[in-house]
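> Predicted model, plus sequence, below.
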Number of protein chains: 2
Amino acid sequence: MSSARPEPGTRQRIVNAAVSLFAEQGFDATSVNQVVARAGVAKGALYHHFESKDDLLYEVYRELVDRQLSGLHRILAEGMGPARTVRALIADLVCTTAAAAAEAKVFARESHRLGDVNQARVRAARRSIHDAFIELVRTGQASGEFGSIASPEMVTFTAFGVINELPVWYRPDGEKRPDELAAELADLILAALKPALDPEREASP
Amino acid sequence: MSSARPEPGTRQRIVNAAVSLFAEQGFDATSVNQVVARAGVAKGALYHHFESKDDLLYEVYRELVDRQLSGLHRILAEGMGPARTVRALIADLVCTTAAAAAEAKVFARESHRLGDVNQARVRAARRSIHDAFIELVRTGQASGEFGSIASPEMVTFTAFGVINELPVWYRPDGEKRPDELAAELADLILAALKPALDPEREASP
DNA sequence: GCCTTGACCGACCGGTCGGTCGGGCTTAGG
DNA sequence: CCTAAGCCCGACCGACCGGTCGGTCAAGGC
């Protein structure tokens, strides 16, 4: 009973300590001694569960990317129209990022420190999310539901730009909840995607 | 004569080497030995011109922030309306960032590694640019020239989000020139700032 | 010709880093 | 009770780091 979170277990404690320290100081500036100290374990325990310091960093990335990818697939599977899908994707990404701000901060800052193999893996996943968003905008523009003021790429870079920077300025105790921020951002992006308002075509009554 | 750029001089050579290495590998992962090797000087030369490795990093920041601040003041001094000012600011920031992509990459990634004093200085400058943009949007919304779909803060975070991420995806040999990217981004932001088109109020005939 | 100045050199230093390894403690099977 | 296996401990290692410092050398005033 009360098995909610009695104790995270050694491995998870190490990951948690690493994430918070990496977010505070950066990956290179954090020593493994600091990590094990905060986790309350000895160095041997870390190297029992992880191959290297880089492996530990990769674990952080893997968790976050997995979460984002599963969110993407879940939303795409619902088969909503472009506008509602864009809104849902933004909401999911913003809330996920806000809820894991420390991980996201590390993610944005230290991607280059990953080894070649892991870096390629993370980049590929990242890119698939990116491409899905581009394709979504393109589809909406082709069907006329979206306007074509900006290219799908620019819209996507913009949306992901804010989201990636979110860990920098988001404060959990701020005045706006993540879902409010998400709604506002979605409003902004969708406003920029409003079709040109030339009243010809079919217009309203 | 022909004094255009005969040789950058020792100090500048060190800065250039440092910027490129910091951009490639990150600040911590770059040793001063690597810097002096690429610059083609000895270690003593570096410590003759700079107090410390951090001082060298600060030099990079100072140059970039100075350029951005002077651009901001120049544009604000022209006294154009909100829309044209927003467009000019975005154009300036995008082009500046694209032209100094390596510096901007370092800037975005390593700000936390600066010492307290220098960090405060850089943050203050950064923030003043930020605040000027927020104020600009707020003014435009108050006068009715801009719509109020999104808060000034969100618009600003969005604009600076793309710009800060630009060094990640911008390629000098890409198909779009920086000024084209800037125009497209400005179009996007201004489209999101279009006033609501509710036909009541004064409307057309 | 001599002396001062400052840019630059590079061997060297104390300290810290990521990573290792022999061993202890606990649990389960026999 | 003994054994085996997995988890974990922490003293320790060699490499390398940022930074120092005594010295070299060319330029220019006197």
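Yes, it's here. Numbering: from 1, shown residues only, chains lettered A, B, ... in the order given.

> Surely A:Pro172 touches A:Ala101?
Yes. Counting by Cβ atoms under 8 Å, A:Ala101 is a contact partner of A:Pro172 at 7.3 Å. Yep, even glycine has a C-beta here, placed from its N, CA and C like the rest.

> more neighbours, those two?
A:Ala101 (17 against 9; other Cβ atoms under 10 Å in any protein chain shown).

> contacting residues for that one?
By Cβ atoms under 8 Å, 6 or more residues apart in numbering or on different chains, A:Ala101 lies in contact with A:Ala23, A:Leu166, A:Pro167, A:Tyr170, A:Pro172.

> surely the fourth one meets A:Leu181?
The one in question is A:Tyr170. Yes. Under the contact definition of Cβ under 8 Å, A:Tyr170 touches A:Leu181, with a separation of 7.5 Å.

> anything in contact with each of those two?
Joint contacts of A:Tyr170 and A:Leu181 (Cβ under 8 Å, 6+ apart) are A:Ala98.

> For A:Glu145, give me phi and psi.
Here is the backbone geometry of A:Glu145 (degrees, to the nearest 10): phi -70, psi -30.

> where does chain A have low pLDDT?
Applying pLDDT under 70 to chain A picks out residues A:1-7, A:197-205.

> again, only this time at 80
Along chain A, the parts satisfying pLDDT under 80 run over A:1-8, A:115, A:196-205.

> Tell me which of A:Tyr170 and A:Leu181 has more neighbours.
A:Leu181 (24 against 18).

> Double-check that one against A:Ala98; I have them as touching.
Yes. At 7.3 Å, A:Leu181 counts as touching A:Ala98 under the criterion of Cβ under 8 Å.

> Mutual contacts of those two, please.
A:Leu166, A:Tyr170.

> Just the C-alphas of the strand or helix carrying A:Glu103, formatted as CSV.
Here A:Glu103, judged by DSSP states H and E, is contained in helix A:101-110. Provided in CSV are the C-alpha atoms of helix A:101-110 (Å, rounded to 0.1, in the frame of the first residue of the first chain):
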residue,chain,number,x,y,z
ALA,A,101,11.3,22.1,-17.6
ALA,A,102,14.6,20.9,-16.2
GLU,A,103,14.9,18.1,-18.7
ALA,A,104,13.9,20.4,-21.5
LYS,A,105,16.5,22.9,-20.5
VAL,A,106,19.2,20.3,-20.6
PHE,A,107,17.8,19.0,-23.9
ALA,A,108,18.0,22.4,-25.6
ARG,A,109,21.5,23.2,-24.3
GLU,A,110,23.5,20.0,-24.3
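
> Okay, angle between that helix and helix B:101-110 too, please.
Inter-element angle recorded for helix A:101-110 and helix B:101-110: 150 degrees (by axes from the mean of the first three to the mean of the last three Cα atoms, to 10 degrees).

> Which SSE is immediately downstream of helix A:101-110?
helix A:116-143.

> is any part of that following helix close to DNA strand C?
No. Between helix A:116-143 and DNA strand C, judged by Cβ under 7 Å from any atom of the strand, nothing touches; the nearest distance is 13.2 Å.

> Show me where chain A has its helices.
A:10-25, A:32-39, A:43-49, A:53-77, A:82-99, A:101-110, A:116-143, A:152-169, A:178-192 (DSSP state H).

> Tabulate these (TSV), appending distance to DNA strand D.
What follows is these, written out as TSV (distance: least, Cβ to the nearest atom of the strand, whole Å):
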stretch	distance to DNA strand D
helix A:10-25	3
helix A:32-39	7
helix A:43-49	2
helix A:53-77	12
helix A:82-99	27
helix A:101-110	17
helix A:116-143	19
helix A:152-169	25
helix A:178-192	34
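
> Turn these into a markdown table, including distance to B:Gly40.
Shown next, in a markdown table, are these (distance: least, Cβ to Cβ, whole Å):
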| stretch | distance to B:Gly40 |
| --- | --- |
| helix A:10-25 | 32 |
| helix A:32-39 | 35 |
| helix A:43-49 | 40 |
| helix A:53-77 | 31 |
| helix A:82-99 | 43 |
| helix A:101-110 | 30 |
| helix A:116-143 | 28 |
| helix A:152-169 | 36 |
| helix A:178-192 | 48 |
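
> any idea how far the helix holding A:Glu103 is from the chain center?
9 Å (Cα atoms, centre = their mean, to the nearest Å).

> do that helix and DNA strand C meet at all?
No. Using Cβ under 7 Å from any atom of the strand, helix A:101-110 stays clear of DNA strand C, with a minimum separation of 12.4 Å.
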